[in-house]
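Chemist: Pasted the sequence and its predicted model underneath.
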Amino acid sequence: MSKVGIIVTAAGRRRYFFPEDVARLEAAAEVVWLELDGPDRVFGAPPEDPELSARTAEFVRDLDALVVSYGSVRITDEIMARAPRLKLIGDTHGDRFAGRVDVTAAQRRGIVVSDTTNGSSDPVAEWALALAMIGLRNAGALFRRIVEGELLWPDRTVFLDDPGYLRGELTGKTVGLIAVGNVGRRLLELLAPFHVNVLAVDPGAPDVLANIYDLDLTDLDTVMSRSDVVINLVPQTTETTGLIGAHEIGLLKPGAVFVNVSRGAVVDTDALIERLTVGDIIACLDVVEPEPLAVDSPLRGMPNVFLTPHIAGVTDAAEPRFFQYMVDEVIRVLAGYRPRYRLVPREN
């Protein structure tokens, strides 16, 4: 029987590693645990801990698969060298950036690396759709007016020049997606009933996606300039930090809605504020830079801005999926099938 090792804090195990999924894995393999002290969530780079690295190197010696999560040290080439049977290293909460795994070293050794942080992709896609519709209906501005005491009811002509009246329907609009990864592909499914035209920019997307989802792959300038709604889904890397700057924001056509459920640093906040001050676009932002949003940020008071506090992927229903998907992945790879959530070498 194959042997699978799991490294996680005890608190993380209680929160994310649900018994029914542990049982599924135990039915397919011998499962051993290296439980660590620490909280259920750990932000930032894995700790540099020589003692824990030595414990990890001993722990992996006879494993066929290794699953890491909060609390684990980085799985280096030296640690992999101690595990000649290792076929898979999986990270349940790596944010698709392999902070806990040296992917290049794993690839050299023929070890598959998978990441199932896409367990939260569904709620992010749902919230992106919701923000697009909120923006098109100018609902944020109307909400502000209601809570400030306006009746907004007896005289319905008050709405005749409102963006939500003029451009409020999603059906038939052109939607631009910046990246079509896990979130983007789920969002495309959600958009299908609205019969939208989709433009997308993603240098890593295979051409076949255009036929599968009936979209047009293009460049960033085209997405920004020709879309009624632009939804930013791109992960933050050194290449994408500041990707959407003054030039790109300036390309948004009057009346456009800009949605960001990615990371705030992908967008030049000052440039976005400058364009929003003109008043001819609407922004719906789940993420900003810096976070949390400063109490004196102009974004807080702008009627054409709808804000949420980085909640897109944060739901109780999503939490079991991180390990659930990883169990599927481990069983799949150990059975000789290709992984679905493979990571390839890239920047950290």
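Modeler: Looks like it arrived, so ask away.
Chemist: the helices in the stretch 151-300 of the chain, which residues?
Modeler: Using DSSP state H, counting those that start in this stretch, the helices of the stretch 151-300 of the chain run over 163-166, 182-191, 208-213, 220-226, 246-251, 269-278.
Chemist: Just say which of those is most tucked in.
Modeler: helix 182-191 (a mean of 21; mean count of other Cβ atoms under 10 Å). Backbone N, C-alpha and C define where each C-beta goes, glycine included.
Chemist: Output it as PDB, restricted to C-alpha atoms.
Modeler: Output of helix 182-191 as PDB, limited to C-alpha atoms (Å, rounded to 0.1, in the frame of the first residue of the first chain):
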ATOM      1  CA  ASN A 182      -9.300  28.500 -12.200                       C
ATOM      2  CA  VAL A 183     -11.400  31.500 -11.100                       C
ATOM      3  CA  GLY A 184     -11.700  32.700 -14.700                       C
ATOM      4  CA  ARG A 185     -12.900  29.400 -16.100                       C
ATOM      5  CA  ARG A 186     -15.500  29.100 -13.300                       C
ATOM      6  CA  LEU A 187     -16.600  32.700 -14.000                       C
ATOM      7  CA  LEU A 188     -17.000  31.900 -17.700                       C
ATOM      8  CA  GLU A 189     -19.500  29.100 -16.700                       C
ATOM      9  CA  LEU A 190     -21.500  31.600 -14.600                       C
ATOM     10  CA  LEU A 191     -21.500  34.200 -17.400                       C
END
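Chemist: contacts for that helix?
Modeler: 118, 121-122, 124-126, 128-129, 175, 177, 180, 198, 200, 202, 209, 213, 215, 231, 233, 261 (Cβ atoms under 8 Å, 6 or more residues apart in numbering).
Chemist: V4: which of the helices of the stretch 151-300 of the chain is closest?
Modeler: Among these, the nearest to V4 by Cβ to Cβ is helix 182-191 (23.7 Å).
Chemist: I'd like the average pLDDT over the closest one.
Modeler: Here helix 182-191 scores 97 as its mean pLDDT.
Chemist: still on that earlier bit, minimum distance to M326: which of the helices of the stretch 151-300 of the chain has it?
Modeler: Once these are compared by Cβ to Cβ, helix 182-191 is nearest, at 14.2 Å.
Chemist: Could you chop this structure up by domain?
Modeler: Per the record, the chain has its domains at 3-115+316-334, 121-307, by automatic domain parsing.
Chemist: will you turn those into TSV that also has distance to V344?
Modeler: Shown next, in TSV, are the domains of the chain (distance: least, Cβ to Cβ, whole Å):
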stretch	distance to V344
domain 3-115+316-334	7
domain 121-307	10
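Chemist: Look up how far A141 lies from the closest residue to R275 other than its chain neighbours.
Modeler: Closest residue to R275 apart from its sequence neighbours, by Cβ to Cβ, 6 or more residues apart in numbering: I249 at 4.8 Å. According to Cβ to Cβ, to the nearest Å, I249 stands 19 Å off from A141.
Chemist: For the helices of the stretch 151-300 of the chain, give me a markdown table that also has distance to P50.
Modeler: Formatted as a markdown table, these follow (distance: least, Cβ to Cβ, whole Å):
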| stretch | distance to P50 |
| --- | --- |
| helix 163-166 | 58 |
| helix 182-191 | 35 |
| helix 208-213 | 44 |
| helix 220-226 | 44 |
| helix 246-251 | 45 |
| helix 269-278 | 40 |
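Chemist: which one of these lies closest to V295?
Modeler: Of these, nearest to V295 by Cβ to Cβ is helix 269-278, at 15.1 Å.
Chemist: so what does the closest one touch, helix or strand wise?
Modeler: Applying 3 or more Cβ pairs under 8 Å, 6 or more residues apart in numbering; DSSP states H and E, one finds that helix 269-278 contacts helix 246-251.
Chemist: Just list what the helix it packs on packs against, helices and strands only.
Modeler: Short answer (3+ Cβ pairs under 8 Å, 6+ apart): helix 246-251 packs on helix 220-226, helix 269-278.
Chemist: looking at these, which is closest to G38?
Modeler: When those are compared by Cβ to Cβ, helix 269-278 sits nearest G38, at 32.8 Å.
Chemist: Let me see the contact set for the residue nearest to R275.
Modeler: M224, F258, V267, D268, A271, L272, E274, R275 are the contacts of I249 under Cβ under 8 Å, 6+ apart.
Chemist: Reformat these as CSV; add distance to P46 and pLDDT.
Modeler: Shown next, in CSV, are the contacts of I249 (distance: Cβ to Cβ, whole Å; pLDDT from 0 to 100):
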residue, distance to P46, pLDDT
M224, 36, 99
F258, 34, 99
V267, 28, 98
D268, 30, 98
A271, 34, 98
L272, 33, 98
E274, 39, 98
R275, 39, 98
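Chemist: Just the closest of those to I146, please.
Modeler: F258 (23.3 Å).
Chemist: Return the residues in contact with the closest one.
Modeler: By Cβ under 8 Å, 6+ apart, the contact set of F258 is G135, V229, V230, N232, I249, L252, L272, I281, I282, A283, C284.
Chemist: Could the C-alpha coordinates of stretch 108-115 be exported in PDB?
Modeler: C-alpha atoms of stretch 108-115 as PDB (Å, rounded to 0.1, in the frame of the first residue of the first chain):
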ATOM      1  CA  ARG A 108      14.200  17.500 -12.000                       C
ATOM      2  CA  ARG A 109      13.500  14.600  -9.800                       C
ATOM      3  CA  GLY A 110      10.300  13.600 -11.700                       C
ATOM      4  CA  ILE A 111       8.100  14.600  -8.700                       C
ATOM      5  CA  VAL A 112       4.700  16.100  -9.500                       C
ATOM      6  CA  VAL A 113       3.800  19.200  -7.500                       C
ATOM      7  CA  SER A 114       0.200  20.200  -7.100                       C
ATOM      8  CA  ASP A 115      -1.600  23.000  -5.300                       C
END
